[in-house]
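> Dropping a prediction and its sequence here:
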Amino acid sequence: MAGSSKAERVWYCDALRVLAIALVVLLHTFADWRWMYFDASRTCYFVLTCLQIITRVAVPIFFMLTGAFMLGRTKEEKYSTFFKTRVLKLLIPFVVISAAYYLYQAFMISLGSLWDFLVQFSNNGIKYHFWYMYAIILIYLLIPFLNKMILNLSKRNLQILIVILACSNLVHAVSYVFASQGTPILMEWSFPNMICYINYLFLGYYLYHYEIAKKWRKWLYLAGILALCLMPVIDILTVKTSITDSLFVAGSIGPLVAATALMVAFRSIRWQWSARWKSFFVITAPLVFYIYMVHVIVMDLTKQNLLKVWTPQRFIEVCLFIAVEFVLTFVLSYIVALGIHSGIKLLNKWHKSKAS
């Protein structure tokens with residue numbers, strides 16, 4: 001979720017970042033309802049999967065934007081300085097907001113303990129969407145070394161490396177399809193998820209720094225559209241007893257192809273951003289991290305209160321409910337994130353004034 005400085009804004013990347021956070025909120029808004037229809041109605045489940053599928057590019061886009069802005073730096077920086085200015089800015093809010101989530105859960109379900117919080121925090125995380133935070137913090141710890149690697153790779157060698165690592169995404173998808181039919185193959189031929197996430201950084205760096213020829217862009221757009229169309233079809237044909245979403249995760253080939261096509265499209269289009277849009281991006285870009293962190297608890301509370309006044313019965317009502325829940329969740333999360341960001345800025349100003 002890293003971004004460029006205010007003085008060096010890249011507007012299409014800001015637009016991608018804002019789109020990605022909106023898609024993340026929409027993804028999680030869809031989730032409960034889609035899972036509910038898995039047993040109730042496979043047709044409705046398929047429709048919701050088709051509607052949700054575009055949201056699966058969001059996390060790959062976040063990884064790719066991190067690579068675009070964090071890799072390729074030629075200025076030398078001490079690792080201790082990098083850790084303080086980058087890693088701690090992620091880690092400290094992550095711990096604090098995780099504690100807030102835990103207190104909320106303890107209040108809603110049962111009282112917990114500090115030890116229980118530490119156990120959950122050190123393992124799977126307090127909430128399901130925090131998996132990304134563990135991944136991105138580990139990646140940030142490696143970025144100074146990945147940066148040196150990138151600076152010493154030629155364009156051709158970087159292309160080869162990206163293709164080799166992307167083959168793991170294809171293997172993941174193929175092995176999942178065969179495993180769902182009771183014939184597991186290629187199970188040991190895919191890289192760990194962390195390698196796939198790092199490859200998104202390489203891909204983001206490449207797409208940011210190198211132009212894709214027009215003749216190849218057309219094929220890439222077609223591949224992205226085809227990936228979005230095929231994923232829900234393959235899913236409905238292969239998933240029989242329980243949802244796994246293995247085709248839709250960042251480590252699979254479909255989201256990689258679709259996200260690549262989307263980033264190339266945003267870079268290639270000659271956007272004419274108005275002053276109002278630019279102002280919106282400037283305000284929103286620093287909030288994306290906090291929107292991601294808080295949106296699940298906001299979504300839970302929004303859904304609980306909506307259900308008190310509106311219980312959708314028919315499928316079309318459920319679709320409308322999802323739309324309303326998404327809009328309210330995003331707007332409220334935006335307001336909460338703005339409050340957190342403003343509070344941190346005031347705290348930093350007070351700290352600086354006290355130090356001086």
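Alright, I've got the coordinates.

> Pick out the residue closest to the middle of this structure.
V59 (2.3 Å; Cα atoms, centre = their mean).

> Check which helices and strands whichever strand or helix holds it sits against.
Assigned by DSSP states H and E, V59 belongs to helix 58-70. Judged by 3 or more Cβ pairs under 8 Å, 6 or more residues apart in numbering; DSSP states H and E, helix 58-70 is in contact with helix 11-40, helix 131-151, helix 193-209, helix 253-268. From N, CA and C alone the C-beta is placed, and that goes for glycine too.

> Find the residue closest to A106 in space, skipping its chain neighbours.
Counting by Cβ to Cβ, 6 or more residues apart in numbering, G112 is the residue found nearest to A106 once chain neighbours are left out, at 4.3 Å.

> no no, L90
Nearest non-adjacent residue to L90 (Cβ to Cβ, 6+ apart): I137, at 5.5 Å.

> could you say what helices and strands the strand or helix carrying G343 packs with?
Here G343 sits within helix 315-355, counting by DSSP H and E. If you count contacts as 3+ Cβ pairs under 8 Å, 6+ apart, helix 315-355 packs onto helix 11-40, helix 42-52, helix 288-309.

> Quick one: work out the angle between it and helix 42-52.
With axes from the mean of the first three to the mean of the last three Cα atoms, to 10 degrees defining the directions, helix 315-355 sits at 40 degrees from helix 42-52.

> before we move on, the earlier item: what's the burial count for the residue nearest to A106?
Taking other Cβ atoms under 10 Å as the criterion, the count of residues near G112 is 15.

> mind listing what it touches?
For G112, the contact set (Cβ atoms under 8 Å, 6 or more residues apart in numbering) comprises 102, 105-106.

> same thing with M194?
135, 138-139.

> Buried ones among those residues?
Buried subset of the contacts of M194 (neighbour count, 16 or more other Cβ atoms under 10 Å): 135, 139.

> which one of the contacts of M194 is nearest I97?
A135 (16.4 Å; Cβ to Cβ).

> ok, back up a step: might one say that the residue nearest to the centre of the chain is in contact with H28?
No. Applying Cβ atoms under 8 Å, one finds V59 not in contact with H28, separated by 11.5 Å.

> quick one: contacts for the closest residue to W131 other than its chain neighbours?
Nearest non-adjacent residue to W131, counting by Cβ to Cβ, 6+ apart: G125, 6.2 Å away. G125 makes contact with 98, 131, 133-134, according to Cβ under 8 Å, 6+ apart.

> V171 now?
186, 189-190 are the contacts of V171 under Cβ under 8 Å, 6+ apart.

> Over to V24?
So V24 contacts 55, 58-59, 129, 292, 295 (Cβ under 8 Å, 6+ apart).

> The same query, at a cut-off of 6 Å, please.
If a contact means Cβ atoms under 6 Å, 6 or more residues apart in numbering, then V24 has A58 as its contacts.

> Next: the one 4 residues further on.
Under the criterion of Cβ under 6 Å, 6+ apart, H28 has no neighbours.

> how about the CA coordinates for stretch 63-75, as PDB?
This file holds the C-alpha atoms of stretch 63-75, laid out as PDB (Å, rounded to 0.1, in the frame of the first residue of the first chain):
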ATOM      1  CA  PHE A  63       1.600  -5.900  -3.900                       C
ATOM      2  CA  MET A  64       2.400  -4.600  -7.400                       C
ATOM      3  CA  LEU A  65       2.200  -1.000  -6.300                       C
ATOM      4  CA  THR A  66       4.500  -1.700  -3.400                       C
ATOM      5  CA  GLY A  67       7.000  -3.100  -5.900                       C
ATOM      6  CA  ALA A  68       6.500  -0.100  -8.200                       C
ATOM      7  CA  PHE A  69       7.500   2.400  -5.500                       C
ATOM      8  CA  MET A  70       9.700   0.500  -3.200                       C
ATOM      9  CA  LEU A  71      12.000  -1.200  -5.700                       C
ATOM     10  CA  GLY A  72      14.600   0.400  -8.000                       C
ATOM     11  CA  ARG A  73      15.800   3.000  -5.400                       C
ATOM     12  CA  THR A  74      19.400   3.900  -6.100                       C
ATOM     13  CA  LYS A  75      19.900   6.000  -2.900                       C
END
